[in-house]
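Asks: build the 3D model from these lines:
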Amino acid sequence: MVSCLAHRNPALLAKMAASFDVISGGRLELGIGAGVGEAEHVAYGFDFPKTKIRVEHLAEAAEVIKRLWTQDQASFQGKHYCLKDAVCMPKPVQKPNPPMIVAGSSDLLLRKVTAPYADRVDFGYLPSVELYRRKLSVLEKACKTVERSFVEIEKSCWPGGQVIIASDEKGLEEKIARKNVLHLSQEEFRKVTLTGTPSMCRKQLKVWVNLGVTSFMLYFGDLPSLDGLQLFAENVINEIRG
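Replies: As a prediction, this is how the structure comes out:
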């Protein structure tokens, strides 16, 4: 979903991303995160400081990236990163800059990075609508602190670990039986997945839409078969858009 900041210097990432936006004709959406996988950092020799420090890195990186994207010569002196008359050419096609998606749900990250810098917020997977609402509340308060409009930040969510959809209840039960490898109860399985007929899925997604969500991260459990994806596209997304 997003690039872990520790993997690249943010100035290099900004230049790579700008080039990609040009090559793709302005289709880049840059996702960045502070990194949560300690084992991955250790495996590849990256430092893995405490959350507070990782959030500091991410906040400075977001500033570095946006300056390089928008200024002819960018300078910046932070605690962790420094620029001195740095040039990023070519500039991104999208103006003023490609959308930046900030991933993570810690209150500290929402205050220090998401509120001032994100064009879209991705909290990652949250197990309940109630928790999602709480995170939105934290973000809204943080936006007021930095004097930014809360509605400027696009909201996204993961409505479930995977999507299991079928035209009727019988087909749905057959798919669940094949995909429920952990042998969860029907109730438990449906809690952690977006599972249902098209009408059931529409009802579940509208809860998120009513909270202001405009983007969804979706993984279809029956891939590589496209049956579920096609059913969802034609009978869920199109209906919600309508």
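Asks: can you count the residues close to residue 173?
Replies: Number of residues near residue 173 (other CB atoms under 10 Å) recorded here: 12. No exception for glycine: its C-beta is placed from N, CA and C like everyone else's.
Asks: please name the residues that touch it.
Replies: The contact partners of residue 173, by CB atoms under 8 Å, 6 or more residues apart in numbering, come to none.
Asks: same question for the one 4 residues further on.
Replies: Applying CB under 8 Å, 6+ apart to residue 177 gives no contacts.
Asks: go again using 10 Å as the cut-off
Replies: Applying CB atoms under 10 Å, 6 or more residues apart in numbering to residue 177 gives the contacts 186, 189.
Asks: element containing it?
Replies: helix 169-179 (DSSP states H and E).
Asks: again, but for residue 15
Replies: Here residue 15, judged by DSSP H and E, is contained in helix 10-23.
Asks: what is that helix packed up against?
Replies: strand 3-4, strand 30-33, helix 51-70, strand 74-77, strand 82-86 (3 or more CB pairs under 10 Å, 6 or more residues apart in numbering; DSSP states H and E).
Asks: what is the mean pLDDT for the helix holding residue 177?
Replies: For helix 169-179, mean pLDDT is 88.
Asks: go on, stretch 4-12?
Replies: Averaged over stretch 4-12, pLDDT sits at 94.
Asks: what comes into contact with the strand or helix carrying residue 156?
Replies: Per DSSP H and E, residue 156 falls inside strand 154-157. Here strand 154-157 makes contact (CB under 10 Å, 6+ apart) with 1, 99, 101, 103, 118-126, 129, 132, 135-136, 139, 205, 208-209, 211-217.
Asks: now, those residues that are in strands?
Replies: 101, 103, 120-122, 213-216 (DSSP state E).
Asks: which is the next helix or strand following the strand holding residue 156?
Replies: Counting by DSSP H and E, the element after strand 154-157 in chain order, helix or strand, is strand 163-165.
Asks: remind me which residues of this structure are low pLDDT?
Replies: Along the chain, segments meeting pLDDT under 70 span 242.
Asks: domain ranges for it?
Replies: 3-157, 163-211+219-241 (automatic domain parsing).
Asks: deepest-packed of the ones you listed, please.
Replies: domain 3-157 (a mean of 17; mean count of other CB atoms under 10 Å).
Asks: distance check, the residue of the chain most remote from its centre against residue 176.
Replies: In the chain, the residue that sits farthest from the middle, by CA atoms, centre = their mean, is residue 170; the gap is 33.6 Å. Going from residue 170 to residue 176 by CB to CB, to the nearest Å gives 11 Å.
Asks: mutual contacts of the two, please.
Replies: By CB under 10 Å, 6+ apart, residue 170 and residue 176 have no common neighbours.
Asks: which SSE is immediately downstream of the helix holding residue 177?
Replies: Downstream of helix 169-179 (by DSSP H and E), the next one is helix 186-191.
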